[in-house]
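Trainee: Take a look and give me a structure for this.
(chains A, B and C)
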Amino acid sequence: MNRKTRTMLRKGTAILSAMLILSGCKDANNSSEKVVQENIQADSITELTVMLYDRGNIPTNQGVINDNRWTKYINEEVEKLGLHVKFIPVSRSDEGQKVPVMMTSGTAADIMMSYDIGTVQRFHKDGGTWELSEYIEECGPNLKAYIGDDVLVKGKDEEGNQFAIPARRSTTARTNAFIRMDWLNKLEMAVPTTPDELYDVLWAFKYENPDGLQPNEVVGLQQFNISKEMLANCFWQETDERSVFINSECDSAGALAAGDPGYRDYMRFRNKLYNDGLMDSEYFTDLGYGQKANELFVKGKLGYYEYHVNGNVDVMRGGLLQTLKQSIPEAEMVSIPPLKNIHDGKIYNSQDSNSAAFLFIPKTAKDPAACIKYLDWLATKEGGFTIWHGIEGEHFEMQGQVPAVLDAQKNAVEKDWIRDDLFLVGNGGYFITEADYIACKVLENAEYSNYIQNNFDNATMGEAISSYGYMSPTQAKEAANLKKVNNEYSVKVSTCKTDEFDAMFDEWAAALEKYNIQQIKEERASYYDNFFSKQ
Amino acid sequence: MMNYLKRYYILYLMCLPAMVFYIIFKYIPMYGVVIAFKDYNIFEGMTASEWVGLKVFKEVFSQPFFWQAIKNTLILNLLTLLVSFPLTILLSLMLNEVRAPKFKKFAQSLLYLPYFISWVVVAGLVTNLFSLNTGSVNMLLSKLGIGPVSFLIEEKWWIFTYIVSQVWKNLGWGTIIYLAALAGVDETLYEAAYMDGATKLQRIWHITLPSIKNTIVVMFILQISKMMAIGLDAPLLLQNDKVINVAEVISTYVYKVGLVRVEYSLATAIGLFQAIVNITLLFIANTLTKAVGEKGVF
Amino acid sequence: MKDRGFTILNYTLISIVVLICLYPFLNVVSTSFSSNQAILAGNVSFFPVEPQLGAYRQIIIKIAIWKSMAISVIITLGGTIISLFITTCAAYALSKEKLKGREVITGIILFTMYFNGGIVPLFLVVKQLHLLDTLWSLVLPHAMNAFNFIVMRTFFRELPESLEEAAAIDGCNEWMLLLKIVLPLSKPIMVTIGLFYAVELWNNYFNSMMYITNPDLFPLQMRLRQIIFVDALGQNADSLVTMVMPEALKAATIVISTLPILIVYPWLQKHVAKGVMTGAVKG
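Mentor: Numbering: from 1, shown residues only, chains lettered A, B, ... in the order given. Next comes the predicted model:
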């Protein structure tokens, strides 16, 4: 064996040894934890495991995802209830793949969560999760009160089984319509309240731009997401709850072209906007999350933008208005009230579902009652409120009813990074009412608090159109196909020539028929009549 | 027989680690394909779930969108192969002729860079560059008098853009194998040819290429045998709803169908279909190759 | 004379291709050093605009990143050695035409290139072997790659038979032949296949996503992916902590994860030198 080979062998052995040692370290940790576990069990404390999203965003000095100040706090408190919680981190970026594998291989935590109601319902139908109604009645009074029956019902299937506990969203505000108010003022035009008025405003923005921009630089209108479009609401003919329930569904698996007859008028309006150059000619290539639209916004080239509520000043969405103002100080991209319906003049405001993530308990959990006890504790002041808002005097001070943030940076480093993921039963924070949420949000950003208040006012005014999150059996089966058809034709009818519009729209409706849209509508109607309306 | 074993037992021993690996990590898990024939309930497990025979396949084959995805997959793969395969060899030959070692090292390192950049970034760059109104490529074309081209929103042009992106990303990396093969060519052959008065191009054609013929053939067969498979990232990130009729491929179709529900049976059935087609292509390509006297893959 | 023209053309064409390949990387590097505003406004192309180091600072201060990098280095080196060993032995043995049963064994290997049982059965096997949450789960389940095997075997096939005959006369057995004669001659292919395995190991995050729950064992890619992931609401939780936009962060993670490979490769290059076969067979 020559020298070279010997050196290589030595290096190789060193590396392999390192691997062995590292793998051994893990076992060492395991055994010390085992000792602690045994000690606890000696006092008859029930241990349960809880899934925890790992976003890889732990600030330095805060510990690790499943062992830090807040996990310690939680265990201190729940020990009084005879519980001990072990957190199982699941990488947020991979939960879609990881959760099914965990369920399939029996390595799931006792409390699991997912945003996908179809999957969670399937788990229950296949016999893999506990039915929770009794446990909630017995062990979860705070939980029931916090989440509310109107949200809890979303976790029930057609037979009334509580297959999951939906987390309650603190606010259902979903979309804002933002407009360049400074352009409007310079043009001395009034804030548009109907689609036709909007058309005139967009025309002026593009072809008579008050900042002197050329028409090919300006994009009049951009919308964030198909089927979440606010403008569509202006054209509905059937606006009662039952019709909306049957026809609509967020996520493009809705009836759309085979639903409300007014949808055709809406698409015709969009077709006009597109052909008259008032939309970006390549709007459908935006890679998602509105990247291109945000670029236009920040460069000051966008006139009207349907986007997430509070999206113009929200720091977590990039602080778009703040950035715009850095180059154009007098620019004002502010929200306006949703436009009025052309038939009855009312404002119909699409809201997010009042439920967010779905919590479920796999059959591999030995003590569902203990799990519910934990969730119940999370719904209390010592639980959720403290985890989310922090310690009074340290992280916030009460201004009247509202907890006002003392130092945003400090909060971000000490608790904000984990609070959403620990507080499972609520989405957006621990708030008893939506008004509390908005009041707290307004106080978060002093400089722009007027904007924030305005945004939430506009996002919640008028007649609320809810999101239901219900999928009928046939709909679940055909959802992928329906979505494909809707996505494809939505673009086709918007971008085709005006005289081809009606034929193309009919084609769309026919394509949906092929995938049993009529049967789906009947199933949804039956669910509404027999179950939903009776809640 | 015993003599034979005594002489060659070492060779069989050499195959042992690989065989152990394949049995444990590839063949034992292979029972998973049965869920393509079952109504898979993940809690009952793979063995206990109900057997439904070809029902899943029938359901898959009855979807028009499925066949559209197959067609698109084949078209995109074939066109990409026809463009990138010769270009890769050409670039390898060009690099091989570079005498200055520093330039060669430098060029190679830089050529590999696109391979390491994820499709998320590349797709973002492509969308920007080829945009109709604001993309650099179209602005350049306008200056040259050729009108703007709908690279991303017209079906035929989208295919072009897709192929360009693939070549851009993979060309450099693809030269590694050929360069390694070229490094093994006997230098004395060149000297002899030079003595005989052969030009550079003649030397390349008559010596270099034939020396790596086997490598080229094997690579080509392997590529052909992947025609029915396609990555997820590139088509998913480059496609948009206007060109979806040519841009929906098997991988994106399975991804979208699987998003709605955890449909392991469906995904497995489609995967099985792809595997059968691909392995058939492998056999055909390999047999044809041996028929013309070349050494095939097996 | 003609050769000179050819050389100039060659160098020019290659340079053009290199520049085209360079652009996306330049763009990524520039983005990683640019400010929020410039990125959002789409102003970054070749050079950083309003340079800032925030993205890198945010990544570098996390101790976890360094721990993960160490893990990645260990599994890449260790895994490459293991993979090279298994593959080389098999490729060499199966390149011998005289070996009976050669086609069957090769077929067994090739078959797995097309058919596999899915992620769940493999997960269960790894679980049964008690490899979950260990570094072995990142290295063993994909230790051998059939494609690499074929390429290596093709190379070994090209070796002249006279080598073997010469060795047989000298009284070597197959193992010594492989070690002492064939391997030194096979540097280009060993480095190449080694590089393939190494890059795959370095870039892979899927395995750690599946098999590792203990964050202490996360390789680099897993950590970086967490940083750049933007959830369905278009929010990146990490921008809570600093004001650095996800775009600069994304770009910085790509640069950090690519840099080691770019540094290592030129060093490996010198082993893929030409003329290695010259004179290997005398007369």
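Trainee: From here on, just use CA atoms for contacts and neighbour counts.
Mentor: OK.
Trainee: Just the pLDDT for C:A273.
Mentor: Listed pLDDT for C:A273 reads 53.
Trainee: which outside residues touch the host helix or strand of A:T104?
Mentor: Assigned by DSSP states H and E, A:T104 belongs to helix A:95-105. Helix A:95-105 is contacted from outside by A:90, A:108, A:114, A:362, B:42-43, B:45, B:262, C:120, C:123-124, C:209-210, using CA atoms under 8 Å, 6 or more residues apart in numbering or on different chains.
Trainee: residues touching C:S15, list them.
Mentor: C:S15 touches B:A107, counting by CA under 8 Å, 6+ apart.
Trainee: In the host helix or strand of it, which residues are buried?
Mentor: Element membership of C:S15 [criterion: DSSP H and E] is helix C:2-32. For helix C:2-32, burial by neighbour count (16 or more other CA atoms under 10 Å in any protein chain shown) applies to C:7, C:10-11, C:14, C:17-18, C:21-32.
Trainee: what mean pLDDT does it have?
Mentor: Rounded mean pLDDT across helix C:2-32 is 86.
Trainee: related to what we said a few turns ago, is any residue of whichever helix or strand comes after the helix holding A:T104 near chain C?
Mentor: As assigned by DSSP H and E, the chain's next helix or strand after helix A:95-105 is strand A:112-114. No. Using CA under 8 Å from any CA of the partner chain, strand A:112-114 stays clear of chain C, with a minimum separation of 12.6 Å.
Trainee: Paired strands for strand A:112-114, with orientation please.
Mentor: strand A:355-360 (antiparallel) (DSSP bridges).
Trainee: Could you pull out the helices in the stretch 301-450 of chain A for me?
Mentor: Assigned by DSSP state H, counting those that start in this stretch, the helices in the stretch 301-450 of chain A fall at A:320-327, A:368-378, A:386-389, A:408-411, A:417-422, A:434-444, A:449-460.
Trainee: returning to that earlier point: so can I have CSV of the contacts of helix A:95-105 showing distance to C:V139?
Mentor: Output for the contacts of helix A:95-105, formatted as CSV (distance: CA to CA, whole Å):
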residue, distance to C:V139
A:V90, 21
A:A108, 24
A:S114, 30
A:P362, 31
B:I42, 27
B:F43, 29
B:G45, 27
B:V262, 28
C:V120, 18
C:F123, 14
C:L124, 16
C:M209, 13
C:M210, 13
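Trainee: what's the lowest-pLDDT member of these?
Mentor: B:V262 (64).
Trainee: okay, the residue in the stretch 1-150 of chain C that chain B sits nearest to: pLDDT?
Mentor: Across the stretch 1-150 of chain C, the shortest distance to chain B (CA to the nearest CA) belongs to C:G117, at 3.9 Å. In this model, C:G117 is scored at 82, pLDDT.
Trainee: quick one: it from chain A, how far?
Mentor: C:G117 sits 14 Å away from chain A, going by CA to the nearest CA, to the nearest Å.
Trainee: what about the helix or strand that the helix holding C:S15 is followed by and chain B, touching?
Mentor: Per DSSP H and E, the first helix or strand lying C-terminal to helix C:2-32 is helix C:36-40. No. Helix C:36-40 stays clear of chain B (CA under 8 Å from any CA), getting no nearer than 12.6 Å.
Trainee: which other residues reach helix C:36-40?
Mentor: A:N294, A:E295, A:V298, A:T323, C:T31, C:V44, C:V49, C:E50, C:V244, C:M245, C:E247, C:A248.
Trainee: are any of the residues you listed buried, and which?
Mentor: For these, a burial check counting by 16+ other CA under 10 Å picks out A:N294, A:E295, A:V298, A:T323, C:T31, C:V44, C:V49, C:V244, C:M245, C:E247, C:A248.
Trainee: Those residues: which two are farthest apart?
Mentor: Comparing every pair within the buried ones among the contacts of helix C:36-40 by CA to CA identifies A:N294 and C:V49 as the most remote, at 18.1 Å.
Trainee: Could you tell me how far A:Q291 is located from chain C?
Mentor: 8 Å.
Trainee: An error on my part: the question was meant for B:I163.
Mentor: Distance, B:I163 to chain C, using CA to the nearest CA: 15 Å.
Trainee: My guess is that residue contacts B:L82. True?
Mentor: No. Using CA atoms under 8 Å, B:I163 is not in contact with B:L82; the gap is 10.0 Å.
Trainee: sorry, back to before: let me know the closest of the contacts of helix C:36-40 to B:Q63.
Mentor: B:Q63 lies nearest to A:N294 out of those, by CA to CA, at 37.4 Å.
Trainee: Now do the strand or helix carrying the closest one: distance to the chain's middle.
Mentor: Taking DSSP H and E as the criterion, the element that holds A:N294 is helix A:291-299. Remark: helix A:291-299 is offset 21 Å from the chain centroid, using CA atoms, centre = their mean, to the nearest Å.
Trainee: same deal with stretch C:106-113?
Mentor: Worked out by CA atoms, centre = their mean, stretch C:106-113 lies 22 Å from the chain centre.
Trainee: For chain B, tell me whether it is touching it.
Mentor: Yes. Judged by CA under 8 Å from any CA, stretch C:106-113 and chain B are in contact via C:T106, C:G107, C:I109, C:F111, C:T112.
Trainee: The host helix or strand of A:R122 vs chain B: in contact?
Mentor: A:R122 belongs to helix A:117-125 when assigned by DSSP H and E. Yes. Remark: helix A:117-125 sits within contact range of chain B at A:G118, A:T119, by CA under 8 Å from any CA.
Trainee: ok, now which ones touch residue 68?
Mentor: Just going to use chain A. Residues near A:N68 by CA under 8 Å, 6+ apart: A:Q62.
Trainee: looking at chain B here, not the other one
Mentor: B:Q68 sits next to B:N245, B:E248, B:V249 when contact means CA under 8 Å, 6+ apart.
Trainee: Just to be sure, which of those are found in helices?
Mentor: Among these, DSSP state H puts B:N245 in helices.
Trainee: Within range of chain B, give me the residues from chain A.
Mentor: A:100, A:103-104, A:118-119, A:126-128, A:282, A:284-285, A:287, A:476, A:479-481, A:487-488, A:491-492.
Trainee: among those, which ones are buried?
Mentor: Buried members of the residues of chain A next to chain B, counted by 16+ other CA under 10 Å: A:100, A:103-104, A:118-119, A:127-128, A:282, A:284-285, A:287, A:476, A:479-481, A:487-488, A:491-492.
Trainee: circling back to that earlier point, from the contacts of helix C:36-40, which one has the minimum pLDDT?
Mentor: Note: of these, the lowest pLDDT belongs to C:V244, at 50.
Trainee: Give me the local confidence score for residue 225.
Mentor: Chain wasn't specified; assuming chain A. pLDDT recorded at A:N225 is 65.
Trainee: Correction: the question concerned chain C.
Mentor: 75.
Trainee: Please apply the same query to A:N2.
Mentor: What the model reports for A:N2 is a pLDDT of 56.
Trainee: again, but for the one 4 residues further on
Mentor: pLDDT, the model's per-residue confidence, is 62 for A:R6.
Trainee: Same question for the one 3 residues further on.
Mentor: According to the prediction, A:L9 has pLDDT 60.
Trainee: Now, of the residues of stretch C:106-113 next to chain B, which are buried?
Mentor: So, by 16+ other CA under 10 Å, the buried ones in those are C:T106, C:I109, C:T112.
Trainee: Can you show me the helices along the stretch 1-150 of chain A?
Mentor: Counting by DSSP H, counting those that start in this stretch, the helices of the stretch 1-150 of chain A are A:3-42, A:69-79, A:95-105, A:117-125, A:133-139, A:141-147, A:149-152.
Trainee: Go through those and find the least confident stretch.
Mentor: Ranked by mean pLDDT, these end with helix A:3-42 at the bottom, a mean of 51.
Trainee: Just give the closest residue to whatever residue of the stretch 251-400 of chain A ends up closest to chain B, not the sequence neighbours.
Mentor: Ranked by CA to the nearest CA, the top residue of the stretch 251-400 of chain A for proximity to chain B is A:T285, at 5.6 Å. Using CA to CA, 6 or more residues apart in numbering or on different chains and skipping residues adjacent in sequence, the residue nearest A:T285 is B:N240, 5.6 Å away.
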